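Novice: No letters, just coordinates:
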Ligand SMILES: Nc1ncnc2c1ncn2[C@@H]1O[C@H](COP(=O)(O)OP(=O)(O)OP(=O)(O)O)[C@@H](O)[C@H]1O
Ligand SMILES: [Mg+2]
């Protein structure tokens, strides 16, 4: 696949350049720059080839008009202006984050993928201010200082979510004074590595205790309790609970790991929260009955839509409602409410319980992995301490946030704030 | 024509100055990240590197200070331009302090690693440092884009960092009381947590400076506290 592209692309590119003639120098140079970048980055050339094809198609479809345009510009002796060059269409068609910048290192253009990955950026913003990591800072300085060789570096971000990119830059055309900067997402490989390490560390750490206790019971069953049927029944029950907990722990860890390796793209599916919340209520009706809790809804009359991934959002609210039923069972009821404060404002969903509440000093911590306020209660509830870290992770991916309010003795409320629709 | 020429080269000087702040910022972010990583993984070599890196920030701060003075003397800028330059001096000062705090964390790595601490404590510490680093990243991004839109979130996160620090502090205290052998290492960890919390404070200072540069007014004081609440990461870039 890769070899194929490497071998054939320059050939057809040349042919097209010939066909399009001299007026297309700039366009072709930009295309070639992008293609070279993509290949240089270790990509398979597909993204750039697609982009080039798109622009050339546009060019071939409207040859008269565009040709005139460029010719006119030339005859007036103007330097090519980025706004009138189809290079901008080319850049827009690239699926990876791409910036075009000038000799001063200022952003002239950022494509949609760049805005999605690194946030909107106004033209004129200095790249060296936006991408500050020492390697990137030096890299941009080197590119600006000259040198036609395409060059590349690695760029990593740790917060809000770990991401790694291979970045390359190259001047566009001859004497345009413009450069292109292209990012290739390499996060997945890195995340898988980390996931493996984290998974092993977490699993071995958290499984040690229940395993030790099961081993202890087995020993007792073979020794002192050998002929005591009552103790045996009792111990077997505990062992069953422990193994169930271990199984759950592994499920949770896997679920968290799987989430962590998913790419960082804001989900765009439209989800009606009213339906989703009703569904969550139904699926937890059994647990609620067991805990002696009734679930009440306070939902708006009209659909409340948020952009998100349905399955992940179900996971969020199942975790929150499950916690409310388990830890807040003393309150006897759980309220799921949602509010839409109108366009431009946040949409919120709140899960409230009337249980014992959470002491102030624990509130900032309970979204940490394995953090449990009261290890005994949580264990009795078969908790693993991963539920809220899964919630937090999913919400970060959604650009949403969680706020927790609680008063000891009165209950707790967990509110999810979804960002306003764009 | 003439005045335009001067304008352009003043802008040019200003851009060079602010780009250097970008360089310092990236360096400081990296130092804090690595200092905490060294602490969590007990990596003495990485800690040593962080300690050595600090000299760069000291040097840069001096350089920026001198450049700024030259620009002010030569151009006698007014209003917005002056705010920009004075702001650069202030931000470089905060970044230099952040570097010092990072170095200080790195210096404690060896003492902490002598006796292995429970992973739980490090989880809290890295959660705290993630918050502080997010804060720093957001304010530096706001500086880059010259935008005051996101700055109000800074106050929220500042509170969040404080609450997290307090909780961590309690946890460390309990741990010390449980077993006196933990006292030395935990004391170092308390200082590390305190340093991270102060890194957050410097980030908030930078936010105030950025707000002043952009709007010419002072960032409104903290909103009255509502209930005890906790907010979890609001990644700026996803909000619009
Ligand atoms: N509604 C609540 N009321 C009181 N305490 C709560 C509530 N929700 C969560 N907590 C506390 O926060 C801790 C962490 O919750 P989390 O959902 O992350 O883990 P868990 O419920 O123990 O395990 P899991 O959800 O993985 O089964 C819980 O152990 C509990 O102490
Ligand atoms: Mg839970």
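Specialist: That came through, no problem. Only a predicted model underlies this, so the values are computations on that prediction, with no experimental measurement involved. Ligands and ions are numbered 1, 2, ... in the order given.
Novice: Show me what the helix or strand hosting residue A:244 is packed against.
Specialist: Residue A:244 belongs to helix A:229-261 when assigned by DSSP states H and E. Secondary-structure packing of helix A:229-261 (3 or more Cβ pairs under 8 Å, 6 or more residues apart in numbering or on different chains; DSSP states H and E): helix A:187-222, helix A:387-397. No exception for glycine: its C-beta is placed from N, CA and C like everyone else's.
Novice: again, only using 10 Å
Specialist: Contacting helix A:229-261 under the criterion 3 or more Cβ pairs under 10 Å, 6 or more residues apart in numbering or on different chains; DSSP states H and E are the following elements: helix A:187-222, helix A:310-327, helix A:375-380, helix A:387-397.
Novice: and the residue in the stretch 251-400 of chain A that chain B sits nearest to, which of the three is it?
Specialist: Closest to chain B within the stretch 251-400 of chain A is residue A:399: 2.8 Å, counting by Cβ to the nearest Cβ. Under DSSP: H, G, I helix; E, B strand; the rest coil, the three-state class of residue A:399 is coil.
Novice: what pLDDT does it get?
Specialist: With respect to pLDDT, residue A:399 scores 84.
Novice: go on, residue A:21?
Specialist: Reported pLDDT for residue A:21: 44.
Novice: one step back: of all the helices and strands packed on helix A:229-261, which one is nearest residue B:111?
Specialist: Residue B:111 sits nearest to helix A:187-222 of all these, at 23.3 Å, using Cβ to Cβ.
Novice: do the helix holding residue A:244 and ligand 1 meet at all?
Specialist: Yes. Against ligand 1, helix A:229-261 shows contacts by Cβ under 6 Å from any ligand atom at residue A:252.
Novice: can you tell if that helix touches ligand 2?
Specialist: No. Counting by Cβ under 5 Å from the ion, ligand 2 has no neighbours in helix A:229-261; the shortest distance is 9.1 Å.
Novice: residues touching the closest residue to ligand 2 within the stretch 151-300 of chain A, list them.
Specialist: Among the residues of the stretch 151-300 of chain A, residue A:252 lies nearest to ligand 2; the distance is 9.1 Å by Cβ to the ion. If you count contacts by Cβ atoms under 10 Å, 6 or more residues apart in numbering or on different chains, residue A:252 has them with A:202, A:206, A:319, A:369, A:383-387, A:389-390.
Novice: ranges for the helices of chain B?
Specialist: Assigned by DSSP state H, the helices in chain B fall at B:2-41, B:44-75, B:79-113, B:119-145, B:152-178, B:183-215.
Novice: okay if I get the ones you listed as TSV plus mean neighbour count, mean pLDDT and distance to residue A:285?
Specialist: Putting these into TSV (neighbours: other Cβ atoms under 10 Å in any protein chain shown; pLDDT from 0 to 100; distance: least, Cβ to Cβ, whole Å) gives the following:
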stretch	mean neighbour count	mean pLDDT	distance to residue A:285
helix B:2-41	19	85	42
helix B:44-75	16	94	51
helix B:79-113	21	95	49
helix B:119-145	22	91	34
helix B:152-178	18	90	35
helix B:183-215	21	95	43
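Novice: mind putting the ones you listed in a markdown table, distance to residue A:258 included?
Specialist: Compiled in a markdown table, the helices of chain B are given as follows (distance: least, Cβ to Cβ, whole Å):
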| stretch | distance to residue A:258 |
| --- | --- |
| helix B:2-41 | 24 |
| helix B:44-75 | 30 |
| helix B:79-113 | 32 |
| helix B:119-145 | 20 |
| helix B:152-178 | 27 |
| helix B:183-215 | 30 |
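Novice: Which one, of those helices, ends up nearest to chain A?
Specialist: Within those, the stretch nearest chain A is helix B:2-41; the backing value is 2.9 Å (Cβ to the nearest Cβ).
Novice: burial measure for the residue lying closest to residue A:329 once chain neighbours are set aside, as a count.
Specialist: When the adjacent residues along the chain are set aside, residue A:329 lies closest to residue A:291, with 4.1 Å between them (Cβ to Cβ, 6 or more residues apart in numbering or on different chains). By other Cβ atoms under 10 Å in any protein chain shown, the residues close to residue A:291 number 19.
Novice: what about residue A:291, distance to residue A:246?
Specialist: Between residue A:291 and residue A:246 the distance, using Cβ to Cβ, to the nearest Å, works out to 23 Å.
Novice: now do residue A:179
Specialist: Residue A:179 sits 55 Å away from residue A:246, taking Cβ to Cβ as the criterion.
Novice: Of those two, which one has the most company?
Specialist: In this comparison of residue A:179 against residue A:246, neighbours counted by other Cβ under 10 Å, the higher total goes to residue A:179 at 21 against 18.
Novice: Am I right that that one falls within a helix?
Specialist: No. The assignment for residue A:179 (three-state DSSP) gives strand, which keeps it out of a helix.
Novice: what bridges to it?
Specialist: Residues in a beta bridge with residue A:179, per DSSP bridges, are residue A:101, residue A:171.
Novice: wait, doesn't it sit right on residue A:99?
Specialist: Yes. Counting by Cβ atoms under 10 Å, residue A:179 does reach residue A:99; the two are 8.6 Å apart.
Novice: Report the set of residues contacting both of these two.
Specialist: Contact criterion Cβ under 10 Å, 6+ apart; residues shared by residue A:179 and residue A:99: A:108, A:127, A:169.
Novice: any idea how far the last one is from residue A:100?
Specialist: With the distance defined as Cβ to Cβ, residue A:169 ends up 10 Å from residue A:100.
Novice: Which neighbours do those two have in common?
Specialist: When contacts are counted by Cβ under 10 Å, 6+ apart, residue A:169 and residue A:100 are jointly contacted by A:179-181.
Novice: sorry, back to before: among the helices of chain B, which is nearest ligand 2?
Specialist: Going through the helices of chain B one by one, with Cβ to the ion as the measure, helix B:119-145 comes closest at 17.0 Å.
Novice: For the closest residue to residue A:306 other than its chain neighbours, give me phi and psi.
Specialist: In space, and not counting its chain neighbours, residue A:306 is closest to residue A:418: 4.4 Å by Cβ to Cβ, 6+ apart. Dihedral angles of residue A:418 (phi, psi; degrees, to the nearest 10) stand at phi -90, psi 140.
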